[in-house]
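Trainee: Need coordinates for the following:
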Amino acid sequence: MGEYLLHICLLGLSFRLAACTDPSVSPPAACVIDLECAECMPDNMPMVTSHRAVNGSVRVPSGDEALLSCGGGKFLEYPLRDSLAAVCEGGRYRLRHDRSLRHLLDLGCQESVLEDVLHQVPECAAPLQGRAYLVQERGGRVRHLAALCYDPDRGVSARAQPRPPRLPPHEDARAPLSLLGNFNHMFDARTRRDADRLYSDDARLNRRLRELLRPGRVALAGQQLTAAGLLAPGYFDDQEARVVDFASNKVAVWRSVAEGNLRHVRRDVAALRRRAPDVQIHAGTHGVLAVRGAGAVHLRGGGRFPVPRYVWTAAVRGARGLALVVLNDPLVAVSEVRRAVFCESVCGRARWLLHLHRNRNYEVPAAGLVFCCSLANFTALVPELPEALVRDVPPGEEGLLLDSPV
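Mentor: Got it, this is the predicted structure:
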């Protein structure tokens, strides 16, 4: 009898070990939220306050409780609740309060937690328009994620700054609007609609370009435009990085530039910010691209939505700084390059530009020629970055940000 019981126990143990080692027996599915996939999230994605995002996604292990928040708003399916607790179960969410099993797509907020609003911004005077990216928090509080100086007449941001120093409180939503204020909001809504339509679809963007160039014989050598942000996802915490999708952050650049040196520049600046959180970043545009045989390229009539000739990023840390300028013209003639580079470049001396140096093609126009300027030289030639914003950086060698932070 004892021998029989021993045999049964060993048999049960072997089944258990087989279940643990058999690759066909899958572990319980985790709940993974891909923050870079708009179709994988509800229209107004809540903030996950219980788990941190890593590499563009939030992973909630099976059995863990996730806390979801709509900040100052409410959930669409639960209009009396601004937060929900849910346990991950087989890739879905078991809500604590009613035990229902829900897909993430069912758990959207009534309004976006992230907003792009008209806002007072220092050194941004008319005709430019101050804007701010905000995140709504519980208790009616808001936190500023970025400040922009936008040109509504031309439909392009002159400059943008992630994580700006303290801005004045946002009172626009509560204040009664004047007749002029209502007009500004109506004009702002139209500009947003036009920008969203233009930059949300690369195929539409390039059809527009071909139509603009159609009367002439313009050779583009297979180049195509794409929409790129002035502010990169790496400048923000992962859940807040969705603000880079706002249309006011977008400009049209050549795809080879966006996937080439513009990407390397943004990766280096983001890495610098991670190593030195006190680094201030400014990003913007300058000039209008001119295509040989067609002239300046504006994607809408009336000089609106220009394709910028330069896309720049300035990094400032204390009394040192550096401006990195990407020439958005892969078709520039060799004879025109010297004139296009408007400062003595120090890119080769900046030890924190690891990605740019590693790829060894930062002076190749097809990938977006890059040159690096002192802030004194840069602000003297590029009015989009006011000198007042970098007044603590002295001219000359002592004002150059060349060393990599420890």
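Trainee: Kindly state the domain boundaries assigned to this protein.
Mentor: Residue ranges for the domains of the chain, per automatic domain parsing: 31-106, 202-399.
Trainee: which stretches of the stretch 201-350 of the chain form helices?
Mentor: 202-213, 255-258, 261-275, 334-340 (DSSP state H, counting those that start in this stretch).
Trainee: name the helices or strands packed onto the shortest one?
Mentor: Packed against helix 255-258, as judged by 3 or more CB pairs under 8 Å, 6 or more residues apart in numbering; DSSP states H and E, are the following elements: strand 225-229. Glycine gets a C-beta too; all of them are placed from N, C-alpha and C.
Trainee: now the strand it packs on against helix 261-275, angle please.
Mentor: On the basis of axes from the mean of the first three to the mean of the last three CA atoms, to 10 degrees, strand 225-229 is oriented at 10 degrees to helix 261-275.
Trainee: low-confidence ranges in the stretch 251-400 of the chain?
Mentor: Within the stretch 251-400 of the chain, no range satisfies pLDDT under 70.
Trainee: should've said the stretch 101-250 of the chain
Mentor: For the stretch 101-250 of the chain, the ranges with pLDDT under 70 are 170-187, 215-217.
Trainee: can you pull out the strands in it?
Mentor: 101-102, 114-118, 129-136, 142-151, 156-162, 225-229, 250-254 (DSSP state E, counting those that start in this stretch).
Trainee: Name the residues of the longest one that come out as buried.
Mentor: The neighbour-count check on strand 142-151 (16 or more other CB atoms under 10 Å) flags 142, 144-151 as buried.
Trainee: Other residues contacting that strand?
Mentor: For strand 142-151, contacts defined as CB atoms under 8 Å, 6 or more residues apart in numbering pick out 72, 114, 119, 121, 123-124, 127-137, 156-164, 166-167, 170, 231, 236, 240, 243, 248-249, 384.
Trainee: Partner strands of it and their direction?
Mentor: strand 129-136 (antiparallel), strand 156-162 (antiparallel) (DSSP bridges).
Trainee: Using a markdown table, lay out these together with mean neighbour count and distance to A29.
Mentor: Shown next, in a markdown table, are the strands paired with strand 142-151 (neighbours: other CB atoms under 10 Å; distance: least, CB to CB, whole Å):
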| stretch | mean neighbour count | distance to A29 |
| --- | --- | --- |
| strand 129-136 | 23 | 29 |
| strand 156-162 | 25 | 35 |
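Trainee: Could you dump those strands into CSV and include distance to H97?
Mentor: Converted to CSV, the strands paired with strand 142-151 look like this (distance: least, CB to CB, whole Å):
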stretch, distance to H97
strand 129-136, 22
strand 156-162, 36
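Trainee: Not including adjacent chain positions, what is the nearest residue to P330?
Mentor: A366 (4.6 Å; CB to CB, 6 or more residues apart in numbering).
Trainee: List the contacts of the one you found.
Mentor: A366 sits in contact with 256, 260, 330, where contact means CB under 8 Å, 6+ apart.
Trainee: picking that back up, adding distance to R192, write the domains of the chain out as CSV.
Mentor: Formatted as CSV, the domains of the chain follow (distance: least, CB to CB, whole Å):
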stretch, distance to R192
domain 31-106, 16
domain 202-399, 6
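Trainee: Buried deepest among the ones you listed, which one?
Mentor: Each of those was scored by mean neighbour count; the highest is domain 202-399, a mean of 18, by mean count of other CB atoms under 10 Å.
Trainee: so how far does it reach from one end to the other?
Mentor: 40 Å (CA to CA, to the nearest Å).
Trainee: now do stretch 356-368
Mentor: 11 Å.
Trainee: Contacts only, for L128.
Mentor: 149-151, 158.
Trainee: Chain neighbours aside, what residue packs nearest to it?
Mentor: C149 (5.0 Å).
Trainee: hey, what's that neighbour bridged with?
Mentor: Where C149 sits in a bridge, its partners, by DSSP bridges, are G130, R159.
Trainee: now A296
Mentor: A290.
Trainee: What of E65?
Mentor: Assigned bridge partners for E65, using DSSP bridges, are V87.
Trainee: That one against L84, yeah?
Mentor: No: taking contacts as CB atoms under 8 Å, E65 lies outside contact range of L84: 10.4 Å.
Trainee: where do the contact lists of these two overlap?
Mentor: Joint contacts of E65 and L84 (CB under 8 Å, 6+ apart) are R96.
Trainee: Return the residues in contact with F378.
Mentor: Contacts of F378 (CB under 8 Å, 6+ apart): 312, 314, 323, 325, 343, 385.
Trainee: and the gap between it and S335?
Mentor: 24 Å (CB to CB, to the nearest Å).
Trainee: ok, so what distance separates Q120 from Y133?
Mentor: 14 Å.
Trainee: now the helices of the stretch 201-350 of the chain in JSON lines, with distance to L104?
Mentor: Output for the helices of the stretch 201-350 of the chain, formatted as JSON lines (distance: least, CB to CB, whole Å):
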{"stretch": "helix 202-213", "distance to L104": "27"}
{"stretch": "helix 255-258", "distance to L104": "30"}
{"stretch": "helix 261-275", "distance to L104": "27"}
{"stretch": "helix 334-340", "distance to L104": "47"}
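Trainee: between those helices, which gets nearest to G302?
Mentor: Closest to G302 of those is helix 202-213 (CB to CB; 13.6 Å).
Trainee: show me what contacts S69?
Mentor: Contacts of S69 (CB under 8 Å, 6+ apart): 46-47, 49, 82-83, 113, 138.
Trainee: for P122, that is, sorry about that
Mentor: Taking CB under 8 Å, 6+ apart as the test, what P122 contacts is 167, 389.
Trainee: And for Q110?
Mentor: 44, 70, 73-76, 79.
Trainee: Over to C343?
Mentor: Contacts of C343 by CB under 8 Å, 6+ apart are 325, 371-374, 377-378, 381.
Trainee: try it again with 10 Å
Mentor: 323, 325, 371-374, 376-378, 380-382 (CB atoms under 10 Å, 6 or more residues apart in numbering).
Trainee: next one: S345
Mentor: So S345 contacts 324-325, 362-363, 369-373 (CB under 10 Å, 6+ apart).
Trainee: Okay, it and R94: tell me how far apart.
Mentor: 57 Å.
Trainee: Please render the contacts of Q110 as a markdown table that adds distance to R349 and pLDDT to the earlier fields.
Mentor: Formatted as a markdown table, the contacts of Q110 follow (distance: CB to CB, whole Å; pLDDT from 0 to 100):
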| residue | distance to R349 | pLDDT |
| --- | --- | --- |
| N44 | 46 | 92 |
| C70 | 48 | 93 |
| G73 | 49 | 89 |
| K74 | 53 | 93 |
| F75 | 52 | 95 |
| L76 | 53 | 95 |
| P79 | 58 | 95 |
